[in-house]
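> got a structure for you, letters missing:
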């Protein structure tokens, strides 16, 4: 039995965890992100220093950002690799809570190792410890309980023997994965123990492909064969399962149109004959039209949240039925679906075979004609929108088109919150899986730069294009310094529109008429933010963090800047673009349930409330 400290045992354990799927084995933890404080420097810090040859430590600038980087890395790696993240007690730990929520909502594996107060309580309170009069065992780390898929506090060294495998089981579970948190009291980190050799020995965790129940599979096949207007909603689970070829074969063989969620975009290339693009609140004309009268929905690897379902107004056929293919039972059971709680690739292959056995020939000639017309008309509309120009500066649709052209077949676009996700969902022409990386499950402002770094670390041979607005940039841009430190190549396209433009638009749609979301100086007479635009020099800021900075104000200048950025490798490039937000990507008969004030002195709000109540009547429940 080797005798090491708790922290040393954790680091040794991290180095020896492997996963295997379909005969391919790889190391699970790529390394450890961290910012040292008194709560971990003498425990985890000492252990990482001693193990530099086997576990690489990465220095970051913000604890929330490092969790985003780990989650992005895991997502781009199909949830088969990730990082551990360690922080000190107190604010270092609580800074990670938002990142933990992001990872758990998006079902992405990340191991969090925050420092904690003394387990022995021989010193109380320690620096940064929160004391509660009614409970002596609480600390700020209990905030992780609600945002973690697994939580434990290591009060005694031997608790690791149970906790490490338990955390790893959750991290490698395709149905339960998310953030796993092991809170580490700072005194326990430094304690030694005689560990069982098998705990620290190399271990391979098998990622299984659960098969669907045969009876439920037969029911699903019967429903599909009887449907006249079936459709497929492809979510992130399609990509995580590696089911894109199976989806292609299934949709093509049976003539079933496919629409995409944010996480599922790219499962089929944008030019695939049965890909109708985005649907839902940020959906396009073709996707929303095919959904409106569908009589059967095959939901693959999607949580069916309010955006793809358009707050459950997307499907208006009174008899619409659902078949849900999802490795998570909770998601498979939504919308009163026939629940195929199983791996997406295996289930599609078995459904394919079952329909062939039934002699199902797929869509009628009339149905195929409608699909083709919707797809052709939609692609024409996207082309029109991408060329919307403005009299001053460059339009956001033009920026999207030019970045898409620069990315080509091999590039990866990364974005998160604000207006960009909706515009990109509708207009970005994804070449295939892993070319479109959107964090929209938690819609986390500030994810973009850190997430782009994680994507670049997962696939260093591909050019990463981070797109974000000035609002998100100001929240969490400091990982540019980490990207420079690590020699990470990526192109950051910063769209400066002087405010939280997306929420300004949403406020207007709800009847609001204020300047709450504008980045302008307060007018002292009126009290509103209606003065001059804030004089923020984004180019100087990005340059101070290590980026090579380019600026662009016209389409020609942006095209040239994007071309030049490709020539700069081994460090981040930031292209600052002031955009005119007025030529906007339209909505396409879409809706999102954002409740409007029921009573108001504002005529605009009262008008918006009437429209809201009319749309609310289209919401449906499926039980």
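Thanks, I have it. Keep in mind it's a predicted model, so treat the numbers as computed, not measured.

> for residue 546, identify the helix or strand it belongs to.
Here residue 546 sits in a region with no helix or strand, counting by DSSP states H and E.

> can you count the residues close to it?
15 (other C-beta atoms under 10 Å). (Each C-beta comes from the backbone N, C-alpha and C, glycine too.)

> and for residue 3?
10.

> neighbours of the residue nearest to it when sequence neighbours are not counted, how many?
Nearest non-adjacent residue to residue 3, counting by C-beta to C-beta, 6 or more residues apart in numbering: residue 194, 5.0 Å away. Residues within reach of residue 194, counting by other C-beta under 10 Å, total 10.

> residue 194 against residue 2, yeah?
Yes - if you go by C-beta atoms under 8 Å, residue 194 and residue 2 touch, sitting 7.4 Å apart.

> any idea how far residue 468 is from residue 307?
Using C-beta to C-beta, to the nearest Å, residue 307 is found at 19 Å from residue 468.

> so which bits of the helix or strand bottoming out on mean pLDDT in the chain are buried?
Sorted by mean pLDDT, DSSP states H and E, the helices and strands of the chain end with helix 501-509, the least confident at a mean of 91. Using 16 or more other C-beta atoms under 10 Å as the test for burial, helix 501-509 gives 501, 502, 503, 504, 505, 507.

> now, among the residues you listed, which is nearest to residue 391?
residue 501 (18.0 Å; C-beta to C-beta).

> excluding chain neighbours, what is closest to residue 332?
Excluding its sequence neighbours, the residue lying closest to residue 332 (C-beta to C-beta, 6+ apart) is residue 339, at 3.8 Å.

> hmm, who's touching the helix or strand that contains that neighbour?
Element membership for residue 339 (DSSP H and E) is strand 338-340. Contacts to strand 338-340, defined as C-beta atoms under 8 Å, 6 or more residues apart in numbering, come from residues 212-213, 216-217, 219-220, 223, 321-326, 329, 332-333, 347.

> how far off centre is it?
Centroid separation between strand 338-340 and its chain, computed with C-alpha atoms, centre = their mean, to the nearest Å, is 25 Å.

> what strands flank it, and is each parallel or antiparallel?
Neighbouring strands of strand 338-340 in its sheet, by DSSP bridges, are strand 321-325 (parallel).

> what residues of the helix or strand just after the partner strand count as buried?
Toward the C-terminus, strand 321-325 is succeeded by helix 329-332 as the next helix or strand (DSSP H and E). Residues of helix 329-332 classed as buried: 331, 332 (neighbour count, 16+ other C-beta under 10 Å).

> one more: stretch 14-32?
So stretch 14-32, judged by 16+ other C-beta under 10 Å, has buried residues 14, 15, 16, 17, 19, 21, 28, 29, 30, 31, 32.

> in strands, which of these fall?
17, 19, 21, 29, 30, 31, 32 (DSSP state E).

> who does the third one bridge with?
This points to residue 21. residue 24.

> let's number from 21 now, not from 1
With 21 as the first residue, the last one maps to residue 41.

> these two touch, right, it and residue 100?
Yes - under the criterion of C-beta under 8 Å, residue 41 makes contact with residue 100 at 6.5 Å.

> overlap of the contact sets of those two?
With C-beta under 8 Å, 6+ apart as the test, residue 41 and residue 100 both reach residue 227.

> contacts for the longest helix belonging to the chain?
Assignment by DSSP state H gives helix 385-406 as the longest helix of the chain. Here helix 385-406 makes contact (C-beta under 8 Å, 6+ apart) with 248-249, 275, 277, 293-297, 304-307, 309-310, 383, 417-418, 420-421, 424, 446-447, 449, 605-606.

> so which of the residues you listed belong to strands?
Using DSSP E, the contacts of helix 385-406 in strands are 295, 296, 297.

> count of neighbours near the first one?
Spelled out, it's residue 295. Neighbourhood size, residue 295 [other C-beta under 10 Å]: 28.

> report pLDDT for it.
In this model, residue 295 is scored at 98, pLDDT.

> so what's it up against?
Contacts of residue 295 (C-beta under 8 Å, 6+ apart): 277, 278, 280, 288, 289, 395.

> same check, this time on the second one
Applying C-beta under 8 Å, 6+ apart to residue 296 gives the contacts 277, 278, 279, 304, 306, 307, 310, 391, 394, 395, 398.

> gap between it and residue 538?
In terms of C-beta to C-beta, residue 296 sits 36 Å off from residue 538.

> any idea where the strands of the stretch 471-620 of the chain begin and end?
484-489, 510-516, 568-572, 592-600 (DSSP state E, counting those that start in this stretch).
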